[in-house]
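# Have a look at this fold, sequence not included:
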């Protein structure tokens, strides 16, 4: 664990160059204080090879200020970084600390535990990917977020099981799910995770529309005016709020019935929670001669024949009689990308390799 104070002078982080998770941030910090006006980042790589994206310092500062204003972050506050800074989610915690001139506590992701979090001083804002939160809640029944005032969860969907566990904590921490991309320098919309489902609401300076695929289009209202087309299918509630449905990349067309794998997985999460089935899982779609495409469920723990039948019946009842996992594979461990997102493609390849 490391406590860094950001002021008008750069902190000396030369001893931390061996930390592969922090090394990209050290490079940014040095260039920032040297006066660089643009920085290059890697996209998350959730649907392919990560690509390089260059953003201006002004754009990064504007993003940081939106979050600083939203959470009323002061220079006397402390932020927490426990993400890989090769990607935008981790890097923007560094930028926010620089802009707000706050303390920043860094914990290497591999060292993140509930006991370490509980011993921290008060944290105004932290950011994790949902998988990290899931692992922390597995460790014990204590609230690992008791020292954190506001926790951003982003980079991947939050399933029903994780939501139920967060609600059960009755934590003093406020949990938020964020929506954003590398191109937008982190989140452009945010929603608090509560018992009452809510929409993502735009941060200042953004509005939303949809294209002919019902996918989200993000509009940056400041100078220079910019638009970003996404592959995220949404239900648009207003120009500043939307409900996320899923990636268009993962729409399954099975016998003419279309559905999103992410929404289907929400049904699985509820079933597993109700049946007290404790296993990580993901999904994939493959071509099928009869149906066109079919839904494949991949779990870390094998399901019994009775559990499989009950799951399929629950999905048919909840989602529609033609929407259920038509095959279920077991894998030793779900594969994750360095950004913290599930690697569906590699997980499926590993599951099929094991089933041969």
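Arrived safely. Not measured: the values here are computed from a predicted model.
# only C-alpha atoms for contact and neighbour calcs from this point on.
Noted.
# what's the spacing between the closest residue to residue 204 other than its chain neighbours and residue 86?
Spatial nearest neighbour of residue 204, excluding adjacent residues (Cα to Cα, 6 or more residues apart in numbering): residue 66 at 6.8 Å. Going from residue 66 to residue 86 by Cα to Cα, to the nearest Å gives 22 Å.
# neighbour-wise, which of those two wins?
Between residue 66 and residue 86, residue 86 has the larger neighbour count (other Cα atoms under 10 Å), namely 20 against 17.
# For that one, which three-state class applies?
Here residue 86 is recorded as coil under DSSP: H, G, I helix; E, B strand; the rest coil.
# State the distance from it to residue 182.
From residue 86 to residue 182 the distance is 11 Å (Cα to Cα).
# what sits in contact with each of those two?
41, 42 (Cα atoms under 8 Å, 6 or more residues apart in numbering).
# how about the residue nearest to residue 204, phi and psi?
When read as degrees, to the nearest 10, the backbone of residue 66 gives phi -60, psi -40.
# Tell me the confidence at it?
What the model reports for residue 66 is a pLDDT of 96.
# Just the helices from the chain, written as ranges.
For the chain, applying DSSP state H gives helices covering 23-34, 57-70, 88-100, 114-118, 130-139, 160-169, 261-274, 305-319, 344-355.
# quick one: contacts for the spatially most central residue of the chain?
Centroid-nearest residue in the chain: residue 155, 2.1 Å away (criterion: Cα atoms, centre = their mean). Residues near residue 155 by Cα under 8 Å, 6+ apart: 89, 129, 130, 178, 179, 180, 339, 340, 341.
# Looking at these, which is nearest residue 70?
residue 178 (12.7 Å; Cα to Cα).
# Can you verify my assumption that that closest one contacts residue 199?
No. Taking contacts as Cα atoms under 8 Å, residue 178 lies outside contact range of residue 199: 10.7 Å.
# tell me which residues form a beta bridge with residue 190?
Listed beta-bridge partners, residue 190: residue 178, residue 201 (assigned using DSSP bridges).
# who touches it in this structure?
Counting by Cα under 8 Å, 6+ apart, residue 190 makes contact with 176, 177, 178, 179, 200, 201, 202, 203.
# Please apply the same query to residue 255.
By Cα under 8 Å, 6+ apart, the residues touching residue 255 are 290, 291, 292, 293.
# Buried ones among the residues you listed?
residue 293 (16 or more other Cα atoms under 10 Å).
# Would you point out the most distant pair within the contacts of residue 255?
With Cα to Cα as the measure, no two of the contacts of residue 255 lie farther apart than 290 and 293, at 8.2 Å.
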